[in-house]
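# kindly generate the corresponding structure for this input.
(chains A and B)
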Amino acid sequence: MAADRSGLPSLGPEPAFRFPEIHRTVLANGLRVWTVPHRQVPLVALLALVPVGASSDPGDRPGLAAITGDMLDEGAGDRSALDVHEALGRIGAQLDLEVGHDATVLALTTLERYVDRGLELIRDMLVRPRFEQREFDRVRDLRLNRLLQLKDMPPALADRAFTQLLYRNHPYGHLPIGSEGALRALMIRDIAAFHRRAFVPARTTVIAVGDASREALTEAVANAFEHWSADADGPIADPETFPEPAVPPSRLALVHRAGAAQSELRLGHVALSRKSPDYHAALVANMVLGGQFVSRINMNLREDKGYTYGARTAFEFRRAPGPFVLHASVQSDATADALREAIGEIRAIRGERPITRAELELGRASLTRGYPRSFETADQIARGAAQLALYDLPDDYFSTFIPKVLSLDEAAVTAAAFQHIDPARLLTVVVGDRDKLMPSLRALELGDVADVSVT
Amino acid sequence: MNIPYTKHTLPNGLDVLIHEDHSVPIVAVNLWYHVGSKNETPGRTGFAHLFEHLMFEGSQHYDRGYFHPLQEAGASLNGSTNADRTNYWEVVPTNAIDLALWMESDRMGYLLPALTDAKFANQREVVLNERRQNYENRPYGLAGMAIVAALYPEQHPYHWLTIGDADDIRAAHIDDVRAFFQRYYHPRNASLALAGDIDAEQGLALASRYFEEIPGGETPPRVMVPALAPRQEDVRLVLEDRVELPRLYLAWHAPALFADGDAELDLIAEVLSSGKTSRLYRALVYEQRIATEVAASQNSREAGSFFQVVATAAPGRTLAEVERAIAREMGSLVEKGPTDIELERCLAQAEAHFLFRLQTVGGFGGKSDQLNAYNTFLGDPGYFDRDLERYRSATPAALRAAAARHLTARGRVVLSVVPRGRLALALPDSQPVAVS
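This is a model prediction of the structure:
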C-alpha cells in the first residue's frame, strides 16, 4: 500500500501508560525513602533531596548554600576529597551536585551492582562532609574564578541582572553562586554551621530508582541511612512565608557590552508559585505564547523575522512565586524591533489575539501526549519524584496530570494568561552595546533606560 | 549489552533498522544522511548545516512548517549536522508513528517543490544568528575554528567547522540547495532506525509504505581526504578574545573513529581528565592550582580524529607554566603508561557512559542514534558488544603505545587564547591568528 499524501495520517488510539508508582516509607529518624523499580537497563539512579537552597542564604552571605553543596564531595567520612572521587570513578558513577533556589540535590547514577557503594558515598557526602580548610580555600578560589569568567558570558550577565533587579532584597534576589564579596568573606565555620542547620534526616528524601525490586531498593537505602541522627541546629525559613518582592525601580535596564555580536534579552516579572491552583493552566498558556518551537513568540521572532536562533518563555516554578521570563539572544541591529514584537505578543494574548481553540488544543496536546516521554530513564523518574517531594504534591500527581490539563478550556487558559502574564509589569534586561542600542531603546517608551553594571 | 535489531534494505537502497523496546509507549524515528560539512568545499562552507535548517520549513504535501503537527502529537524532535553526517529524529507516542514517517519521507522525497526564496533568506539569517550566539558572542567561541584551520591544510575537508564561514553563509544561493538535495538527500545515502514500542514486522511495513516510492539515487563519491604530512615542529598561535583568563589548547592528529588506537585514546583522555583523580586535573587544578579547569578529549571522526587538551590558567599563572605541567604529565604517561588501577577506573567509567547513552530509545545518543552510527560508519548496526569490547580489551601497554605513537610533544597545534590587548600572555613565539 503506497503512502497517501493527500493529507497527514491521523493518530491512532492513545496508548495506555502506567505511571510509575512510588513506594514510600519513613525511617525512624524521619528520613523519607521513596523507591521505584525500573528494569530496562542495569543502572540505578539515587537522589537525595534537601529542601534548602540559595533562598536560605543569609542576606549578607549570598552563595553560602551553593558552596556548602559544592563542599560535600570534597572529603567525606573516612575519605579525603581525592578518595571520594576515586571511589566514584571506580563505580562509574555520574554525580551531580545541584543547588537551586529552593533545594540542594545530590544525584548519582551508577551500575546496579554498585548500588550499596553508591549509597554509602551519598550518605557520607550528605551526613559526614569533612569541610577541611585546605579544600575550602581551593573550592572558593575556583568559584571566584568562575565568577570572573561569567563576566564574559552574556547569558550569565543577563540572568544575574534580571534576578537582582526583579527580586531586590528578597531571598530570590541573587543567583545561587553568590557574589565575589560574600564568597571572600565566608569562613569554613559558616559552612559547617549551615550544614548543621539544613542537613537533617527529618527534612531529607532519598529516592532510588533502578534495576531492582522495591524491597531491595528500600532496604539498601535504609541500611545506608538508618543510623543518621541529627536535629536541626536552628531554623530555615519556609519560602511560603517570603514577603512579596518590591516593584523594580525601572522597567528597562541595559548591561553594556562593547561591540557585542548580539543582544541577550530577558523580559519578565514575578508570577506564581508551584503550588498555585493555576499551575496547569499557566503551563498551557505558556505553550501557546512561548514554551515551544511552534509557539507565537518563536514563530514571530525566528521563523518570520529571522532576528534570533530561538526565543522561549517559561514560568520558573518555585516554592514561592518565581518569575515568568522570556529568553532570547537577538542580532544587535534588531534589538528594539525584537523587544517590540515580543512585548506585542505578550500583550496580544491577553486581549487583541486571545487563545484560539486550535492553539489551546495544540498546547494541551503537546503537554499531555508528550508526558510519558519524561518517564523513560531511571534518572528522569527520580527527578520527577523529587518534584513531588519538594513541592509537597499529592501521591497521584503523575496520573492526574493529563486529565487536569485536558479539562482546561479557552476561558480557563486565557484567564490564567490574564492573571499571570502582565505586559505592564515586565522588566526588560538587555546585554548589548550601549552606543549602538541606546537611541532605539529610548524609542521603545519603556521609561528611562537604567544603565546597570553587574556585581 | 545486547541490543537486538533487524536490518532490511528497501529496493531503493534505504537501510531500515528496527529495535523493539516496549517499556514506554513511545517510538524513536531516527534518520541519518551520510553527509556533513566534510562534503563541502572551501568558499562554500556551512552549507550542510544551513540545508538541515531548510528541512524543517515544510515539504510539498505539508508546507506549513515541520514542527506543528509533530509537537501537536506530543513529539520531541530535532536535527544536527557535524562534519560527517546529518541526523534528524522524532520521539513520538506510539500512535503517531505513521505521522512521523509520513513527515520524514515527505521531506526526503519532496522538499524542493516547497522551497522558496523567502524560506531560504529567513533561515540564512537564523543560521547567522546561531553563529553569533554560539561562536562569535561566546568566550573562547572562535578557538575551535583556529584549531582546525591550523591542524588541516586548506583543501582538507576538516579545515573548517560545520557552522562554516559567515561570508560563505551569506553567499549561499538557493540553487545550491537543489544541487545538494539531489546529490545527498535520497534513500541510498540514508539510514532509518526505529526504536521503541513497535514490532519489527509492522515497522518494516510502515517504512516501506512511506519510503519505497522515493527514487534511490546514487551513492555519493567518497570525499577525497588529502594525506596529512607529519609535522616536525609545533605550530604556535595566539588568538585575542573577550575573556578574563588565558586558555591553552593543544591538539594532535589522531586515528579515525573505530580505527586502531581510537578507543585507547578515548581511555587516555579519561586517564588525563575524567574526575578529580585524573592525572591532569589532580596535578594542575587540585595540587598545583595553576589551572581552573582542564579537559582532554579524543574527537573521533570518520576520516581522521584529533586529540585535544584544553586548560584555563588560574589568575596570576602563566600559560607557559600550564603547558609545562601538561607536558610533564603526558610525558610520564607516554613513558610509563597508566597503572592497572587507573585503567580499571577508566573502564568502569567507559562502561557506565556506554550504558547511560542506551537508556533512551531516541534523541541524540539514544539507541536509535547509535544503531545508525554503527550502520553508517561500519555497515554493522549490531556493533554494540564489539564497541564495548574495544575498551574492555585495552591494556596499560596498549594505552602507553597509543600515547607514545600519537601524542608526542612535537607536531602539535598550540593555541593561546588571551584577553584582548594582552598578547604577552600567550606562549612565546605564537603567531597571531584572526578568526571571525
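# give me the distance between stretch A:291-310 and the centre of its chain.
23 Å (C-alpha atoms, centre = their mean, to the nearest Å).
# no, scratch that, I was asking about stretch A:432-442
31 Å.
# could you list the buried residues of it?
A:432-434, A:436-437, A:441 (16 or more other C-beta atoms under 10 Å in any protein chain shown). Every residue, glycine included, has its C-beta placed from N, CA and C.
# isn't B:Y185 right next to B:Y110, touching?
No - the pair B:Y185 / B:Y110 is not scored as a contact, 10.8 Å apart, by C-beta atoms under 8 Å.
# low-confidence ranges in the chain?
You didn't say which chain, so I picked chain A. A:455 (pLDDT under 70).
# if you could check chain B rather than the one you did, that'd help
B:1.
# give the closest residue to the residue of it found nearest chain A in space, chain neighbours not counted.
At 2.4 Å from chain A, B:G74 is the closest residue in chain B, using C-beta to the nearest C-beta. Closest residue to B:G74 apart from its sequence neighbours, by C-beta to C-beta, 6 or more residues apart in numbering or on different chains: A:R369 at 2.4 Å.
# can you tell me how far that neighbour sits from A:T204?
Going from A:R369 to A:T204 by C-beta to C-beta, to the nearest Å gives 35 Å.
# neighbour count: those two, which is higher?
Neighbours per residue (other C-beta atoms under 10 Å in any protein chain shown) separate A:R369 from A:T204, with A:T204 holding more: 26 against 23.
# right, and that one touches A:W34 too?
No - counting by C-beta under 8 Å, A:T204 sits too far from A:W34 to count as a contact (11.2 Å).
# more crowded one of B:Y185 and B:Y110?
Per other C-beta under 10 Å, whichever of B:Y185 and B:Y110 has more neighbours is B:Y185, with 21 against 17.
# tell me the contacts of the more buried one?
B:33, B:35, B:108, B:111 (C-beta atoms under 8 Å, 6 or more residues apart in numbering or on different chains).
# out of those residues, who's the most crowded?
That'd be B:Y33 among those, by other C-beta under 10 Å, with 25 neighbours.
# which residues touch it?
B:85-88, B:184-185, B:189-190.
# which one of the residues you listed is nearest to A:G100?
Within the contacts of B:Y33, distances to A:G100 taken as C-beta to C-beta reach their minimum at B:N87, with 32.4 Å.
# what domains does the record give for chain A?
Listed domain ranges for chain A are A:23-239, A:252-452 (source: automatic domain parsing).
# which one of the ones you listed lies nearest to B:R242?
Closest among the domains of chain A, using C-beta to C-beta: domain A:23-239, at 5.6 Å.
# could you measure from the residue of chain B closest to chain A over to A:A232?
43 Å.
# please enumerate the strands of the stretch 151-300 of chain B.
Using DSSP state E, counting those that start in this stretch, the strands of the stretch 151-300 of chain B run over B:190-196, B:235-241, B:247-254, B:291-299.
# closest to A:L157 out of the ones you listed?
Per C-beta to C-beta, nearest to A:L157 of the strands of the stretch 151-300 of chain B: strand B:235-241, 16.2 Å.
# what strand or helix carries A:A66?
helix A:64-71 (DSSP states H and E).
# show me what that helix is packed against.
strand A:94-99, strand A:104-111, helix A:133-150, helix A:188-198 (3 or more C-beta pairs under 8 Å, 6 or more residues apart in numbering or on different chains; DSSP states H and E).
# anything in whichever helix or strand comes after that helix near chain B?
Where DSSP H and E defines the elements, the next helix or strand beyond helix A:64-71 is helix A:81-90. Yes - with C-beta under 8 Å from any C-beta of the partner chain as the criterion, chain B is reached by helix A:81-90 at A:81-82, A:85-86, A:88-90.
# ok, A:E244 - contacts?
A:E244 sits in contact with A:270, A:321, where contact means C-beta under 8 Å, 6+ apart.
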